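K.L.:
how would this look folded up:
(2 chains)
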Amino acid sequence: MAKNLLIVESPAKAKTIEGYLGKDFTVKSSYGHIRDLVKSEDAIDIKNNFEQRYEVPADKKQVVSELKKLAKEADMVWLASDEDREGEAISWHLFDTLNLKDATTKRIVFHEITKPAILRAIDNPRKIDYNLVNAQQARRVLDRLVGFELSPVLWKKVKPSLSAGRVQSVAVRLIVDREREVNKFKSEAAFKIVAIFGKGKNAFKAELAERFTQQGDAETFLQDCAKAVFDIKSLDTRPTKRSPAAPFTTSTLQQEASRKLGYSVARTMQVAQRLYEAGHITYMRTDSVNLSDTAIAAAASEIVSAWGDKYHQSRKYKTKNASAQEAHEAIRPTYFNNHTINGESGEKRLYELIWKRAIASQMSEAQFEKTVAKIGISTRKEDLTANGEVMKFDGFLKVYLESNDDEEDNQTADGENAILPPLTKGQLLDLQEMTATERFSRPPARYTEASLVKKLEELGIGRPSTYAPTISTIQNRGYVVKEEREGRVRNFRVLTLKNENITKEEKSENTGAERGKLFPTDIGAVVNDFLVQHFQGIVDFNFTASVEKQFDEIAQGLQDWTKMIRTFYDPFHKDVQSTIETADKATGERELGVHPESGKKMSVRIGRYGPFVQVGESATEENEEKPLYASLRTGQSIETISLEEALELFKLPKVVGEFEGKPMKVAIGRFGPYISHNSAFVSLPKEIDPLDVTEEQAIELIEAKRKKDAERLIKSFPEDETVKVLNGRWGPYIEFGKLNVKIPKDITDPLTLTFEQCKALADAMPKDAKKGRFGKARAAPAAKAAPAKKKAPAKKAVAKKK
DNA sequence: CAGTGAGCGAGCTTCCGCTTGACTT
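P.N.:
So this is what the prediction gives:
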């Protein structure tokens, strides 16, 4: 039996370290935290110095009992969790839970998983740092108090099951604020002047720095240029350089994988996890840009052997982020000589990105020669400017170029890297063409998942391990949606000067189209406004930063954690209580105006089933007339919907005629406009406006759908006409009433299916798990359904008594 | 994929950070 038990947080790490340490050490993992606050309200004893009640969650029981057993048998237990607040707390929880003894327990730390680093750590053990543990407890207690007091306020004042927290509520606020900036934004048009000089290989572009807001001014400029002589007024050539970016942290990896590979932050983390577990990369949840000395040396030898000494430059990076805890290395390949790996294509691509970024970070800078030519115009006092750039040495650009957040900027940057022909001062230039193009100022960009992570990191909010889950949470709660939105067509004017002739034309472009951007929902906006109004301090962008400062003081032993929490909690709790007592229910209600025909009040707000328009006052005892209601459609918001758009909502659903003795109704559902007829549905093609569907069109569409369905039909049953075997997009399936049933793999020929078999398969389908691809997230209401069923007979019993 | 928008009211929801699996369609 090994004399030493060493415990780290991650099992993959444990495996590596075990290889370094030999027989005397058993290396095990705690799988992160092993204890957490109990779920119930008495987790924190507020009156008694915020004393906490912890428990080992069910999924950690086995880990804990195994560690307990091993600890008992070992002579010495080495607590080697990460060197940060959470890691220190994990060590303390282990110490406490496993009943360890001071004399036979040592705390060690390392920032990199290399043999020398581990051995050095073992030679320098210390005790558990209780100041650091206290700082973690303060963090944990504060987050629980905020989350579990704020969320119930929302259940009362907005809607059940909502949530609020120090991190997620600020994330939502960023998105709501940004959306409002976009909506408020007024685009301004101005004419941009671009000239092309020279012919063929010697052609180059020059631009005017100023822009003209009036078309007349742009035209005058072109007219003046028609007769002008152009000459090189000045030439300025100077060397410039560009340096490589630091190796990846979690946040920069997420950003770059989003831009270059189109991955969501969750996908990036999943793929990175697999690379880590396969031993290809170092730990992927890190805020450090630091590389170990062995890694720097390995990168150096790789660079020198591949491209020579000239391309190598050893660099150490420092984090700019004050909140970084730097318990790990930056994300890098474990072996730099593996330029690529075996694996699934997603893994390969992410690995190569990580490899290139890490390698490039140890390479020489790229060198350029940048030329700025000022071009004089004989008839005007302004100058045109031509920029040219020639790469003299590629350096790190041989392997890696960091991309930019702003795609449109990259497009307009084409003039930047252009190569200028040989030019001399005083040289006269031959104008080929000059254009004045109307350009529009752009609103601030909506957040993508990755750019939101970047912003949160800048604000010091959240940690590498929580970025991806936070992004999921705010979407799962319905505060935010990731969506594509269609743009609209916009016209712009172009004036062209060619051969001393000015022509004008109007062109059109698509603008405002968005892909994979985060939009706030109505509920997200209402919750945000409610929190901003009543809990300003918590959703303040600096709240985390200011509590972090205090956690740091606690960690240094300069402040008592219970006093800090007390100072925060008492006024906060007061706010919670007064809000519960005095605040109105938040519905986001907004008056739209009056109905043009009836003169009744029109308003929008959020109801039980989502946002809707109401025409007329709500029914009361005096006012017996019921108002009319209509739900808003996908993409519409109570904040921006107009009276006209609201009126449109009442035009549907409408009956457009009769077919086979049953009415045909046009409506708009979750998947767009459709016709319903005799409990069958037909989607409307995009080119047909749902408001002017004719009876003939509707019949035609229904018949076409029937014909198509008949072609897909493999088998039907005389026992029940609603049961069919059909050919679907992914192969055959059974349609059992409204339920779609998958055919099990052992049935190779669907023609052999009997009615009884179909029925059995349908019965075997879990009742609540039929909706959506993400059954797991939706499966929660199952718990809800159970007590409701229990209640039902009780109600009946009461009814019978009556 | 429809319509629903009163209230009754039990028991439920919820935080942030550390870690991996176990799961469908």
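K.L.:
longest single helix anywhere in chain A?
P.N.:
Among the segments of chain A that qualify as a helix by DSSP state H, the longest is helix A:130-157.
K.L.:
counting by contacts, list what it packs against.
P.N.:
Secondary-structure packing of helix A:130-157 (3 or more C-beta pairs under 8 Å, 6 or more residues apart in numbering; DSSP states H and E): strand A:36-37, strand A:44-45, strand A:51-52, helix A:85-97, helix A:522-534, helix A:543-555, helix A:561-582. Every residue, glycine included, has its C-beta placed from N, CA and C.
K.L.:
hmm, who's touching the first one?
P.N.:
The list of residues contacting strand A:36-37 from outside it, by C-beta atoms under 8 Å, 6 or more residues apart in numbering, reads A:43-44, A:52-55, A:57, A:140-141, A:144.
K.L.:
how about a cut-off of 6 Å?
P.N.:
For strand A:36-37, contacts defined as C-beta atoms under 6 Å, 6 or more residues apart in numbering pick out A:43, A:52, A:144.
K.L.:
of the helices and strands packed on helix A:130-157, which approaches DNA strand B most closely?
P.N.:
Shortest distance between DNA strand B and the helices and strands packed on helix A:130-157, using C-beta to the nearest atom of the strand, is found for helix A:85-97: 3.8 Å.
K.L.:
helices or strands up against that closest one?
P.N.:
helix A:130-157 (3 or more C-beta pairs under 6 Å, 6 or more residues apart in numbering; DSSP states H and E).
K.L.:
repeat that for 10 Å
P.N.:
Helices and strands touching helix A:85-97, by 3 or more C-beta pairs under 10 Å, 6 or more residues apart in numbering; DSSP states H and E, are strand A:4-8, strand A:54-55, helix A:61-73, strand A:76-79, strand A:105-107, helix A:130-157, helix A:543-555.
K.L.:
before we move on, back to that, DNA strand B next: which of the contacts of strand A:36-37 are close?
P.N.:
Among the contacts of strand A:36-37, proximity to DNA strand B is found for residue A:144 (C-beta under 7 Å from any atom of the strand).
K.L.:
now for the residue of the stretch 551-700 of chain A found nearest DNA strand B, how many residues are close by?
P.N.:
Nearest to DNA strand B in the stretch 551-700 of chain A, going by C-beta to the nearest atom of the strand, is residue A:607, at a distance of 2.6 Å. The tally of other residues near residue A:607 (other C-beta atoms under 10 Å) stands at 13.
K.L.:
pLDDT on the longest helix of chain A, on average?
P.N.:
The pLDDT scores in helix A:130-157 average 97.
K.L.:
helix, strand or coil for whichever residue of the stretch 351-500 of chain A sits closest to DNA strand B?
P.N.:
Nearest to DNA strand B, among the residues of the stretch 351-500 of chain A, is residue A:463, at 2.9 Å (C-beta to the nearest atom of the strand). For residue A:463, the assignment made with DSSP: H, G, I helix; E, B strand; the rest coil gives coil.
K.L.:
mind listing what it touches?
P.N.:
A:84-86, A:167, A:250, A:285, A:287, A:323-325, A:456-457, A:470 (C-beta atoms under 10 Å, 6 or more residues apart in numbering).
K.L.:
and DNA strand B, which of the residues you listed reach it?
P.N.:
A:84-86, A:167, A:285, A:325, A:470.
K.L.:
dump the contacts of strand A:36-37 to CSV, plus neighbour count.
P.N.:
Listed next are the contacts of strand A:36-37 as CSV, based on neighbours: other C-beta atoms under 10 Å:
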residue, neighbour count
A:43, 19
A:52, 16
A:144, 17
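K.L.:
so which elements touch the helix or strand harbouring residue A:305?
P.N.:
Using DSSP states H and E, residue A:305 sits in helix A:293-307. Packing partners of helix A:293-307 (3+ C-beta pairs under 10 Å, 6+ apart): helix A:115-123, helix A:345-360.
K.L.:
what angle separates that helix from helix A:115-123?
P.N.:
170 degrees (axes from the mean of the first three to the mean of the last three C-alpha atoms, to 10 degrees).
K.L.:
run the angle between helix A:293-307 and helix A:345-360 for me.
P.N.:
With the same axes, to 10 degrees defining the directions, helix A:293-307 sits at 90 degrees from helix A:345-360.
K.L.:
out of the helices and strands packed on helix A:293-307, deepest packed?
P.N.:
Of the helices and strands packed on helix A:293-307, the one with the most neighbours on average (mean count of other C-beta atoms under 10 Å) is helix A:345-360, at a mean of 21.
K.L.:
next SSE after that helix?
P.N.:
strand A:366-377.
K.L.:
what about the helix or strand that comes right after that next one, distance to the chain center?
P.N.:
Sequence-wise, the next helix or strand downstream of strand A:366-377 (DSSP H and E) is strand A:383-393. Here the centre of strand A:383-393 is set off from its chain's centre by 37 Å, with C-alpha atoms, centre = their mean, to the nearest Å.
K.L.:
quick one: strands adjacent to strand A:383-393?
P.N.:
strand A:204-208 (antiparallel), strand A:366-377 (antiparallel) (DSSP bridges).
K.L.:
okay if I get those as CSV plus distance to DNA strand B, mean neighbour count and mean pLDDT?
P.N.:
Output for the strands paired with strand A:383-393, formatted as CSV (distance: least, C-beta to the nearest atom of the strand, whole Å; neighbours: other C-beta atoms under 10 Å; pLDDT from 0 to 100):
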stretch, distance to DNA strand B, mean neighbour count, mean pLDDT
strand A:204-208, 46, 20, 97
strand A:366-377, 35, 18, 97
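K.L.:
out of those strands, which gets nearest to residue A:513?
P.N.:
strand A:204-208 (26.3 Å; C-beta to C-beta).
K.L.:
just among the ones next to DNA strand B among the contacts of residue A:463, which is most surrounded?
P.N.:
That'd be residue A:85 among these, by other C-beta under 10 Å, with 25 neighbours.
K.L.:
low-confidence ranges in chain A?
P.N.:
A:1-2, A:405-417, A:621-624, A:670-671, A:729-730, A:737-739, A:745, A:763-802 (pLDDT under 70).
K.L.:
domain-wise, how is it divided?
P.N.:
A:4-128, A:138-184+A:523-582, A:250-364, A:590-649, A:654-713, A:717-764 (the TED database).
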